Each structure stands twice: as structure tokens, then as C-alpha cells.
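Asker: Predicted structure and sequence below. I'll ask about it afterward.
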Amino acid sequence: MTVPPEPILSVKSVTKRYRSVAALQDVSADFYPGEVHAVLGENGAGKSTLMGILAGFVVPDSGTVTLNGGPAPIGRPFQARDDGIQMVHQHFMLVPNFTVEENLALSGMRGLWQTLDTKALSKNALSRAIDLGWKVDADERTGSLPVGVQQRLEILKGVADRALVLILDEPTAVLSPSEVNDLFRVLRELKEQNIAIILIAHKLSEVMAIADRVTVLRRGKWVASCRIEETNAEQLEHWMVGEVPHREAAVSTSSGETLLDVQSIDVLGDRGNLAVKQAQFQVASGEILGIGGVDGNGQIELAEALVGVREVAQGDIQRPDATGYIPQDRHQDGLALGLSIEENTLLSHVPQDAENGPMLMRSKVRRWASDIVDRFRVKIGEITDPVASLSGGNQQKVIVGRVLSQNPKLIVAVNPTRGLDIRAANDVHERLRDAAKAGAAVVLFSADLDELALLSTRQLAISRGELGTDYFGSIEAPA
Amino acid sequence: MKQAVRLGLQGLAIMAGLVAVLFLTFAAFGQDPVFGVRTIFLGAFGDAQGISRTLVRATPLLLAGLGVVVAWRAGMYNIGGEGQYVLGGIGGAMIAKLLGGAAPAALGPMILICGVLFGASVAALAAWLQVKRGVQVVVSTILMNFLALELMEYLLRGPLQERKKQLFVTDTLPNEAMLMRFGAQTDLHFGIVIALISAIGVAIYLYLTKAGLQLRIVGDNPSAARANKIPADAVQIRAMAISGGLCGLAGAVDYAGLTGRLADGFSQNWGFIAIPVALMGALNPIATIFSATYFGALFAGSEELKRTLPIGNTVVPLVQGVVVLAYIGFVTWMSRRKPVVGAEE
């Protein structure tokens, strides 16, 4: 197949402002059928705004969107869907208590005034599943399915009927390496069916593996578009961040004193299940122990046990008094979103000099908070603004900042850079490394092999609650 | 400073809006709105009697409203203000009965303390049931309202009934045991001062102490509290105890300040109305002073209206409903309009 002559979907000089912030500025791009087109950029580059415009959720301030030669239904997401622009959101749009069949039928419904025949309504999607080589149990409750399978449902919803364009928002963020491989296989298959696939991404290795064409955005502006063979990872990274980020080698193994001593512990999960079995290891001052593995294998339970948030069912942990915990899910476990930035810096620790009996010393609190904001380069408006007003990367910096500022001797971090752009991720990496250099023991849980390789002085893997060392050999890196 | 000005302006806008809602409600029911609003206003603020009426009604609303603020800020949806208010009164009446005529000067404070303890203990019990046994506070406190009301009925027909055994009421408190009054002509009593001090106390607690910060963190995100070793269970039980204590105090203050005795109908739904009061005060203790005053004025003013207008009796609950709905609608609308800051992703 040669380069198709006509783009199926294109945007011309679109601009979208939120108040004074330009989320997108004069951006143009063409999307061709039968191609995977990756849209790359850091957090805040405008990727999601662009996707929102394409899918009809966001109305641009200026510019045009063309679908199949005619005007696209801007601001009318349902029409856009009926016209063949399908979107797979990062946060799945599924009803957890519905069965697979009901969820698929729900997206097939047009309006409320029709008799409900979930069998008929979900038929197309289920037969597509078979075409794509997926086994889907129509009667399974959706909420109990693994995220990888839930994502398949989202894709099935998209391709069930008329799909000209399929937009996927960071689809690999939640997937294990083998699930990523399977997703890519399916994307290639859909590509063969002449669907234009738009992929929002920020993992370069994946983009290089799957994309036919890339468009790079930076701070709301178009930077470059080209075919994938015309570029390479380094250049893409350069386009995304504007400069090649500084990369430091992992800290060398030190033989400091043992700070964390885990003696064959068992840890129970929320449902009383045995989430961690007989874990045993030590971490010394200056060490970064990387623990890899696919999400949901006991990482969170083990991490919580290490810092003392969760009790151990058996065994013993020797840990220093000063511990810091960077939880995986910043919205669920890291922040109180209704409270201010300043108040959120106090969430895990109130500095001693800011306490006067039961009272908080306002000036001391302010100094502590602004110190964190300054040292960790958190981009804020006012320090009394709600923390929810910050971007994801800056929210994460608030957490990392408050944890590291209390000078913990033990730091436990779970996927601390998930969803962050390269620059913010590098920042967090650097901070963790500095903390280790300063003598802390660090335990880093991560599903990202690159991150583990970059930071750890020693690596373990966790699988079904058991720690091992041989796991990495068997992990298949994304093709 | 800029924030203070903005808050002040917002307050004024809300006040104006509330008057406008009142105006429209009268108009919608075919009454002369100018006359209606004027009557309410004069009844509430027109003279010393009016102001006294307003503040006397605002007192239990403010205290119980603060109770709602503290509990809801901790994520504990205490709907049991009514029951806790009644128990506060019962606690006061019990200690009065127990002491008989002894130490009448100390009786006043004792009544207040007992009221607080009674309200606090049932609310803490409800909290404990949620935290340890999974019984939702919303459900348990609603049910406890009925228990408290039934308990009062029983006590008024049994152990707490007046000595003459004629009416279903308690003995009337001796004058020395009553809270101080500010004048012989009006009902205005020391309770309003207690309520205002409580409001300031709650504000200090919530915003200037570590315990208050923890309370708000727990209310905003219990999961994050847990992950950061804030003892969410203890914080929530404590919040409910304070909440119930404030509602109980409201009952005790009314008993020792206004009625001097318990009788059927002791509470006029103050514990329930405290919820819209707290919501209209945006769950902020200082703003709740104003919303309690507004509701107090509405009650005081409409008593005047009852005398002059045939629909006077019905207009108050009606206006309450309309005001609360209008306010909630307004807040929802405002939060929808809030722009996405730091638009990313």
C-alpha cells in the first residue's frame, strides 16, 4: 500500500485556551486511514486537548476540523461517534457492576426509547472480539476483570460498528509488557482494515515499535510531524522536551549499614487474601532496591507493610523511625484533593518546629510548604490554591517533595513516575538518587523496566506475592 | 486581604440572592412580595424584640449547625442532630432532677456539661458502629433520632415528669439555674455568646490545629489519611463526638436558656434544620454564623407574618426549601463553571 492520498481526519490551525493558558496553539495535523499515528508530548503538551477536539468533546476557539472531506461534528461527541470517530479513554468508561454484554450493549444503544435487547446490541462487538482473537466471557461482571481485559472492551466498543478513526489515550500505561504486545498485534490488525489509529503516548520505545507516523507537541504548540522511518528515539525525545535530558548512571552499590531488615513476612490483602508470601530481604543505607513486576502482584501490600501502614500477618520488619512513603495512586492515597497545596505538604508529616502544642504555627507551615515548592520546582499559582488545580506532574512533586523533605531514612516508592512526562520523571529520579546518596535506604517498586534499570543498585521481582530474582529474564520486552 | 474582600463580596451577593429568592417565592404564590419581605425583615430586625427573637432562634441553629460542620468535614454524615439536641435537653433535665434543689448556682453549667456529654456519647457510638462494624452513620443517626424522641416521651411520662404529675413536662428550672438573660423584656440569653464562642472555637480547631487538619484530611480522602498513618478511625470518632457534643449543647442551652423545662415538642426540628444551615454556611464555621442568623431571622420574621398573612405558617418551610435548593443549584453551577486550571493531559 502506498501513502494514501487523502487524510480521513485533519485539523487545521486549531487553538484552544483555558482562561489565559493556551492548551493548543495553531496546531495542524493530518491523520490517514490504515496508519498508526502517534501523538507525542509531555504532560501539558496539549495531547488530550487535541484528542478532545477530534472526538468532539472540546470546542476549539479557532481552526477547523475535517472528517472525510467534510466538516467534523465539533462539540458533538455522540455525532462524532456515530460518524466513526471512536475514542478509548485512559480512564475506562465502563459500568463495573454490569456484565460484559451489558456494557457492550450500553455503548450500542442510541437513545432511551427502545426495547432493551442486550444480546442483539452487543452482538457486533462480541463477534469483533472473535475476529481479533480475543476470548471474552459475555456474562462476566466487568468490574472483576483485569484492566487489560477492560481495555479490550473499550476497544470493542469502538470498533463494533462504524469505525473510521480509533483514538487511544495512553493505552499502554496500565498494561503489562505481554499485554502491550497483544494490543499492538490488534492495532496492526485494525490498521489493515483501513482504520486510522491515533495513539497518545509518551513512551518512546512503544512509539518506535508501533507507529507509522508521529506528531510531536510541546507546550500546546506543534513541533514536528513525520513518518517514523524519518526519525529516531533521540530526535523524538529532543522534540518533546526541547533538550536531551541529563541521565545519570545508577548509584553504585554501597556497603552501608542495613536500615531495613525484612524477615520472612506474610502480608494480607484487603480481602484477607495472602498478598505477600515469605518476603525476606535487607536494604542498606545508600542502596536503591528495585522491585519489578506487573501491577497487582502484591506490590502495594508489601510497600504498605514496609512503611508500617499495613500490619504484617507473620514475620518481622526492622525499620528506621523516619520513613517516607510515595504511594502509587496519588489521587487515592497521596493527596487530599479538596485541600490546599500547603495543607497537602503536611499530609505525611508536620515539621516539629511548626507545632506548638495542638496548634500549627502558620508562618512555619508556610515556610515549610514554600520550601518544598521551591526546592522541587512545583509550578503553582498561590500556595493556598487547591492542590487539585495542579497538573499531575506537579501534584506528584508535592508528594515527593513532602516525603523527601522530612529526611526519611527509609523511602518506599511505588511507580513514582507513572503518568509523568520525561522531565518530571527525571526530576523524581534525581531526587530519589540524591536521597540514597545522602544515606537513605530506598525501595522502588516499578512496572517500568527502564526505570528499574536506571535507578536500582539491586533488583528483585515480585510475582503473585513472591519475590524472586529470575523474573526479568522471562519478561518479554515490547516488540 | 484580597481574599477577604472577595469573600465579603460573595457574602453580600449571597445575601442579596437570598432576599431575591424570598421575594420571588412570595410573588409566585400570589402574595405581595414587598409586603411579605418587609414584614419578615421588620419581624426579625425591626425592634429589640425582633432582634432577640432572631438571635434566640439562631442560637440552637448555630450550635447544631457547627456540629454538622465538624462531622461532615470529617466525612461523617451526621443526620442525628435532632436526636442529639433532644438528648442534650434530657441530659440537662436528668442532672437537674438528680440534684434536686441543691446548688442551684452550679446547676446551669452542670446542665450544659451533661448536655454535651449525652450528645457526644451517642454520636461517638454511631461513629464507632460505622468504623468498627460498618453501620453507616447516616443510617444509624437517623434511627437514633427516633430513639431519642421516644426516650424523651417516655421520660416525660415517667422518671422526669413534674412533681404534680399532671402534665407531660419536667419541673421548671429555678431562676438561678437559668442562663443569664440580657434584659427583662426579651428572651435573649447567654446562649448566643456560647454559640459564638463555639463558632470561633470550631474555626480555630479546624483551621489552626493539627487535629483539625487531620480531621479535614480524613474527610477529604480517608484512603490518603490511612496511607500516611493518620488514624482515620480515631479522627472520625472524635469528630462525631465533637459534633454530637455541639448538638447536645444546643439542646441544653435551649433548655437552660429558653424553655426551662422539657415538654413534648421541645425541639422544633432545630437539629434537622441545622443541616441546611451548615450547608448554606458552606461547612465553614464562620459562614455558619451568618447562615444560622439568616434562618433565625426567617423564623422570627415569619412569626410576625403568621399574624398578618393567612399563608404565614406555610411560607417558612416553603422558603427554606426554595432557599436551600436555590443555593445548592447556585453552588453546583459555580463549580461547573470553574475553569480547568493547568490544563494538561
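Answerer: Happy to help now that I have it. Fair warning: this is a prediction, and the values are worked out from it, not measured in the lab.
Asker: My read is that A:I167 contacts A:G52, right?
Answerer: No. Under the criterion of Cβ atoms under 8 Å, A:I167 is not in contact with A:G52, lying 9.6 Å apart. From N, CA and C alone the C-beta is placed, and that goes for glycine too.
Asker: how far is stretch A:445-463 from where the chain is centred?
Answerer: Using Cα atoms, centre = their mean, to the nearest Å, the distance from the centre of stretch A:445-463 to the centre of the chain it belongs to is 17 Å.
Asker: Repeat that for stretch B:61-80.
Answerer: Distance of stretch B:61-80 from the chain centroid (Cα atoms, centre = their mean) equals 8 Å.
Asker: for the record, mean pLDDT for it?
Answerer: The average pLDDT for stretch B:61-80 rounds to 96.
Asker: what comes up buried for it?
Answerer: Residues of stretch B:61-80 classed as buried: B:61-80 (neighbour count, 16 or more other Cβ atoms under 10 Å in any protein chain shown).
Asker: circling back: of A:I167 and A:G52, who's got more company?
Answerer: Applying other Cβ atoms under 10 Å in any protein chain shown to A:I167 and A:G52 shows that A:I167 carries more neighbours, namely 25 against 21.
Asker: list the contacts for the more buried one?
Answerer: The contact partners of A:I167, by Cβ atoms under 8 Å, 6 or more residues apart in numbering or on different chains, come to A:M51, A:L54, A:A55, A:I85, A:Q86, A:M87, A:V88, A:I198, A:I200.
Asker: And for the fourth one, the neighbour number?
Answerer: The burial metric for A:I85, expressed as a neighbour count using other Cβ under 10 Å, is 27.
Asker: wait, is A:I265 part of a helix?
Answerer: No. Applying DSSP: H, G, I helix; E, B strand; the rest coil, one finds A:I265 to be strand, outside a helix.
Asker: what about it, neighbour count?
Answerer: Using other Cβ under 10 Å: A:I265 sits among 21 other residues.
Asker: hey, what's it bridged with?
Answerer: Note on A:I265: beta-bridge partners by DSSP bridges are A:A279.
Asker: gap between it and chain B?
Answerer: Separation of A:I265 from chain B (Cβ to the nearest Cβ, to the nearest Å) stands at 18 Å.
Asker: residue contacts, that residue?
Answerer: A:I265 neighbours (Cβ under 8 Å, 6+ apart): A:V276, A:Q278, A:A279, A:Q280, A:A305, A:V312, A:A313, A:Q314, A:G315, A:D316, A:I317.
Asker: If we use 10 Å, what do you get?
Answerer: Counting by Cβ atoms under 10 Å, 6 or more residues apart in numbering or on different chains, A:I265 makes contact with A:276-281, A:302, A:305-306, A:311-317.
Asker: any common contacting residues for A:I167 and A:G52?
Answerer: A:M87.
Asker: What average pLDDT does stretch A:186-198 get?
Answerer: For stretch A:186-198, mean pLDDT is 93.
Asker: Excluding residues flanking it in the chain, which one is nearest B:T141?
Answerer: Nearest residue to B:T141 in three dimensions, chain neighbours excluded: B:G80, at 2.9 Å (Cβ to Cβ, 6 or more residues apart in numbering or on different chains).
Asker: How about the backbone phi and psi for the one you found?
Answerer: Dihedral pair for B:G80: phi -100, psi 20, per degrees, to the nearest 10.
Asker: so what's it up against?
Answerer: By Cβ under 10 Å, 6+ apart, the contact set of B:G80 is B:67-68, B:71, B:86-87, B:119, B:122-123, B:126, B:137-138, B:140-145, B:147-148, B:240, B:243-244, B:247, B:271-272.
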